[in-house]
Every structure is written in C-alpha cells, then in structure tokens.
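Chemist: After the sequence you'll find the predicted model.
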Amino acid sequence: MKKIAILLTLFIVGQYVKAQENRVITTGVPFLLIAADARSAGMGDMGVATSADAFSQQYNPAKFAFSLQKQGFSVSYTPYLSSIANDISLGQLSYYNRINERSAFAASFRYFGLGDIELRQTPDPYEVVQTVNPNEFALDGSYSLKLSERFSMAVGGRFIRSALRIPDVNNDVKAATTFAVDIAGYYQSEEMAYTDFNGRWRAGFNFQNLGPKISYDSDDLNDNFLPANMRLGAGFDFIFDEYNKIGVIAEVTKLLVPTPPKTVFEFDSNGDGDFDDPGDITPSAAQQANDQALSEYRKTSWTSGIFKSFGDAPDGFSEELKEFTWALGAEYWYQDSFALRLGYFNENELKGARKFFTLGAGFKYNVVKIDVSYLFSASKVRNPLENTLRFSLTFNFGDNYDEL
C-alpha cells in the first residue's frame, strides 16, 4: 500500500472543512491545540489568564510560579470523533512542583491515539489484514520564575513525535519528529477592596509551539508548519466573601503560521469558451500560477512564517483580523469545593467556522479534584468534540502557599 499521511485528512474533515478559497490555515500535529483538560474545556478552551492549576502547562506555564499548592499531579481523558469511532482519544498526564516562593518546574505528556486501522488490499472478508495504530505524542518540560511579586515568566520545551504514516509493502516507515519551545508570562494583582466586593486582576500571554516544521517524508516541500500560536488573555475575580467567588476571562488567539496563497481561477470574460480575449486566464495559466504560489508558500521557513503571519493575508488587514479567534468564560466557586463553568469560543466562518458553547463543573475534596465539561456546537460545521464529555482528575499535595 502506498505511503500516505492521514494527519490532514482526519483533522480537516473534523475541524476545518471549508474550501480552499477560504484560506483556512492548516498545520501538522494540530492535536497540540485541543484542550486536553476539562477545566479549560468548560470555559471555552482557554487558560492563559485563569488561576494556576495542574493543567497550566498547555496554556501558560508561567502560572505555576503562583500555584497555591506545593505539588500537583493530573490525568485527563478526551474522546475524539466519538460519533464515528470509539477508540480515538486524547490523554494527558501532568506534574508540577513549586520549588520555592519564586519558581516552579513542570512536565507533561500528551498522547493522541487514532485507534486501530485495518489495511486491506481487497474486499475479501477472508483476507489476512494488517492492523496499524497511528498515534502522536508530545513530551513537555517547563521552568517558571517570578520576576517580581506580581509577574512571572516561563520557558518550555517540547519533543513531538507523529507516527501517522501508513506503511507500504516495504514497511520503510519512520515517525516524524521535531521540537518546539514556549515563551510565556503571567500577571496576578493583589486582592483589592471595592465597594461591595474584593477583586483580583489576572493577565497572561504565551507564544507556543515555536519550532521547525515537521516532515513525513524526504521532500522538504511537503513539510508541515507546527501550530505555532499566540495566546493573549485577561480576567478578573469577583471575591464576594470567603464562600463565593466568580472569575470572568477573555482570551484571543492567533496561529503564527502564514496564510495560504490566494487561489487563481480560470476566467473567460465573455463566456465564449475561448481564452484568447484580453484579461482571460486559461486553465493551464491558472494551474501554473497556483502551483508557483504553493511552491513559494511551502518554501517559507518557520521563522519567517511567524513574522509573515501578521501581514500576509491576500485580502489585507480585514482578513488578518479574521484569523484571530476569541473566547469568553466564567467560573463560579463555592467554598473552593464546588465549581460551575461556562464559555463560548468563536472562529470566523472563512477560517474554520468553529463556534461552540461549553459547560463544566468541578468538585474538590481534600487533595482530590474532579472536573468534567461538555461542548455544544453553534456552527453549521460539525465539531469533532460535539456532545462529548471530557474528564480530568487532579491530586494536589504538599505545603500550601498563601495568595496575597
């Protein structure tokens, strides 16, 4: 069987099913952008400016320097495309340790499994079939440090392995590997007194998945950009009393990946079937122009792509704005033991059309915390996580730190 990369076909069908002329930005290993934990998933898939937790590694590792617990361990499970398969899922393990008042380190492991796939040469039911299990994983590490009492920064490293290619008769298939880095910052104000409540401001940023392209074969022109991403967010905690607290958060994100080139279509100005009038574009000329533009796009390096991503949209600034996604979320805590969450995520129709509402809840008892979330699609494009429950389990242990 001929080698193929099933990465784009799976995710484009699941998430980005718009036509090429809409210039949806696609990347390799997009599983890195799926919200792996139920807390963030319950607030519209965001977490760059929320309070620190064991899942901060994926959104903003700088938050670990403000963790209220000494150490934490978490595990989460997310079924994927559950409407068509029952063995595709994303799992994550995380661990952090706040070393002292100023610094912390963390590590996490994310695994995306596509289940068992049978390879057949014929429709013969008695044929001996080969079964493969395509998968991807990312192994992360980070270090965060308080630069002041209210601001911290972090750097993170990530090893990525993607084994999605299906073997042929020669079985000469190797997994694609690469690495990436994150650069993040987090601000948390002191608790301030207002007229009827106390409050606390939070803000954060993260430039994540910055690294070389990932390649599934020896042809450099087939390399895929990593899902380099910029996250910016801010939030405010309404602290009404020692029992009741509500946090509201807003976040915007943008892929730091070049926009695909504009498609050139054949053009017959008077519709006579001949392409010999002034201004006509023959089919071969259109194909040649598209091939040339695509070749130049694929030659773009990952470093150049980061800077180009802010000003290369063919339709100018208005299209650049469409490449930003935004999300709003809220989280209510009662006695730091029970939480309710809701959120909304929005992506422009021409850039993927993901729009969804989320609900979530959290239960904390002693050192154990359980989180669940549920997603409702608000788009005509079906979401691969629609009507899916996500689960997370956290264990916090060690000494507690005060939140000033």
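Modeler: Here it is on my side, so go on. Here the structure is a predicted model, which means the values were calculated and not measured. Residues are numbered from 1 along each chain as shown.
Chemist: Mind pulling up the pLDDT for the residue lying closest to Ala353 once chain neighbours are set aside?
Modeler: Leaving out its chain neighbours, the residue that sits closest to Ala353 by CB to CB, 6 or more residues apart in numbering is Val381, at 4.4 Å. From N, CA and C alone the C-beta is placed, and that goes for glycine too. On the pLDDT scale, Val381 is placed at 82.
Chemist: Neighbours of Val381, how many?
Modeler: 16 (other CB atoms under 10 Å).
Chemist: all helices of the stretch 251-400 of the chain, in order?
Modeler: Counting by DSSP state H, counting those that start in this stretch, residue ranges of the helices within the stretch 251-400 of the chain are 283-299, 302-308, 317-322.
Chemist: Where do the strands of the stretch 101-250 of the chain begin and end?
Modeler: For the stretch 101-250 of the chain, strands defined by DSSP state E, counting those that start in this stretch occupy the ranges 103-113, 117-119, 130-132, 135-146, 151-163, 176-188, 192-193, 198-210, 229-239, 244-255.
Chemist: Of the helices of the stretch 251-400 of the chain, which shows the lowest average pLDDT?
Modeler: helix 283-299 - the lowest mean pLDDT of those, at a mean of 82.
Chemist: List the buried residues in it.
Modeler: Using 16 or more other CB atoms under 10 Å as the test for burial, helix 283-299 gives Ala286, Ala289, Asn290, Ala293, Tyr297, Arg298.
Chemist: Am I right that the second one is in contact with Lys262?
Modeler: Going back to what we said before, that points to Ala289. No - Ala289 is beyond contact range of Lys262, at 9.7 Å (criterion: CB atoms under 8 Å).
Chemist: still on that earlier bit, how about a markdown table for the strands of the stretch 101-250 of the chain, with mean neighbour count added?
Modeler: Converted to a markdown table, the strands of the stretch 101-250 of the chain look like this (neighbours: other CB atoms under 10 Å):
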| stretch | mean neighbour count |
| --- | --- |
| strand 103-113 | 20 |
| strand 117-119 | 12 |
| strand 130-132 | 13 |
| strand 135-146 | 20 |
| strand 151-163 | 20 |
| strand 176-188 | 21 |
| strand 192-193 | 10 |
| strand 198-210 | 21 |
| strand 229-239 | 20 |
| strand 244-255 | 20 |
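Chemist: Any idea which of the ones you listed gets closest to Val24?
Modeler: strand 244-255 (10.2 Å; CB to CB).
Chemist: quick one: the closest one to strand 229-239, angle?
Modeler: 170 degrees (axes from the mean of the first three to the mean of the last three CA atoms, to 10 degrees).
Chemist: Give me the residues contacting strand 244-255.
Modeler: 25, 27, 43-44, 46, 48-51, 202, 227-240, 309, 323-334, 336 (CB atoms under 8 Å, 6 or more residues apart in numbering).
Chemist: 7 Å instead, please
Modeler: 25, 43, 46, 48-51, 227-239, 309, 323-334 (CB atoms under 7 Å, 6 or more residues apart in numbering).
Chemist: Surely Arg39 is in a strand?
Modeler: No - counting by DSSP: H, G, I helix; E, B strand; the rest coil, Arg39 falls outside a strand, being helix.
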